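Asker: Below is the structure, and that's it, no one-letter string:
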Ligand code: DX5
Ligand code: ZN
């Protein structure tokens, strides 16, 4: 099974983002958390900053939009060249229409669900999305504990993806470390976002290697 490790630059030094992206060159994608202080109680950056990150990053960007009204704002992130753009199911007015628009622009379309949001409605819509993000913390902040009780959503998604024969990536985000990554991988995740476990201690490249090994069941 392919294993993708996407370090979250929410845990990077915001005045040294280019340097910190350079430290995670062995990863697969750079995960970019856009927060608007409305959908979540935290604020990061918007399209101007993400555009500059895109300019300097050797890795493709995996943009995670924790914002209200993604129907209005998400296409702009696809237009600036993000490899994937993931918006929240809870915030989108027309999730399928928005995913189609993102694909037309040339980005992979992702849909994210918070821990309390059911996955069942989306199991029927897998043809419309390239990736599904199952949040394993309440979105908004790095450094929180992995919520293992959401694993049945991954099991259900994994079964639905296999049955469909589609190549839909299953992503987890929040509290992913060397221990919890194996739990998520066993439940069917193939794409792993990690912020604090990559950046906050030791060497990011070694941390990525350890995560990759722990996810490779
Ligand atoms: C949280 C963000 C995550 C965050 C994860 O809402 O979506 O991407 O950076 O951080 P850790 O890995 O520290 O839980
Ligand atoms: Zn994220």
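Answerer: Ah, there it is. This one's a predicted model, so the numbers in the text were calculated from it and none came from an experiment. Numbering: from 1, shown residues only. Ligands and ions are numbered 1, 2, ... in the order given.
Asker: those strands in the chain, which residues are they?
Answerer: 4-7, 30-35, 61-66, 84-88, 108-113, 131-135, 169-173, 191-194 (DSSP state E).
Asker: quick one: the residue lying closest to residue 145 once chain neighbours are set aside from ligand 2, how far?
Answerer: Distance criterion C-beta to C-beta, 6 or more residues apart in numbering; nearest residue to residue 145, sequence neighbours excluded, is residue 175 at 5.1 Å. For every residue, glycine as well, the C-beta is placed using N, CA and C. To ligand 2, residue 175 is 11 Å away according to C-beta to the ion, to the nearest Å.
Asker: where does residue 175 land on pLDDT?
Answerer: For residue 175, the model assigns a pLDDT of 98.
Asker: Just confirm it contacts residue 147, I think it does.
Answerer: Yes. Using C-beta atoms under 8 Å, residue 175 is in contact with residue 147, at 7.1 Å.
Asker: quick revisit: tell me how far the residue nearest to residue 145 lies from residue 30.
Answerer: Applying C-beta to C-beta, to the nearest Å, the value for residue 175 to residue 30 is 19 Å.
Asker: What of residue 51?
Answerer: Residue 51 is 14 Å from residue 30, where distance means C-beta to C-beta.
Asker: More neighbours: which of these two?
Answerer: Here residue 51 and residue 30 are compared on neighbour count by other C-beta atoms under 10 Å; more neighbours surround residue 30, at 25 against 16.
Asker: Run through the bridge partners of the more buried one.
Answerer: Beta bridges link residue 30 to residue 61 when assigned by DSSP bridges.
Asker: try residue 192
Answerer: Beta-bridge partners, per DSSP bridges, of residue 192: residue 5, residue 172.
Asker: who's in contact with it?
Answerer: 3-6, 171-172, 176, 181, 184-185, 211, 215 (C-beta atoms under 8 Å, 6 or more residues apart in numbering).
Asker: Same check on residue 118?
Answerer: So residue 118 contacts residue 153 (C-beta under 8 Å, 6+ apart).
Asker: Now do it against residue 79, distance only.
Answerer: 31 Å.
Asker: where does the protein come near ligand 1, residue by residue?
Answerer: Counting by C-beta under 6 Å from any ligand atom, the positions of the chain adjacent to ligand 1 are 8, 10-11, 31, 33, 64, 137, 139-144, 173-176, 193-197.
Asker: how about a cut-off of 8 Å?
Answerer: Contact residues, the chain versus ligand 1 (C-beta under 8 Å from any ligand atom): 8-11, 31, 33, 35, 40, 42, 64, 66, 135-144, 146, 173-177, 193-198, 200.
Asker: What subset of those is buried?
Answerer: 8-11, 31, 33, 35, 40, 64, 66, 135-137, 139-140, 142, 146, 173-177, 193-198 (16 or more other C-beta atoms under 10 Å).
Asker: Now do residue 3 against residue 189, distance only.
Answerer: Counting by C-beta to C-beta, the gap from residue 3 to residue 189 is 9 Å.
Asker: per-residue confidence for the residue in the chain positioned nearest to ligand 1?
Answerer: Relative to ligand 1, the nearest point of the chain is residue 195 (2.9 Å; C-beta to the nearest ligand atom). Note on residue 195: pLDDT of 98.
Asker: No further queries at this time; thank you.
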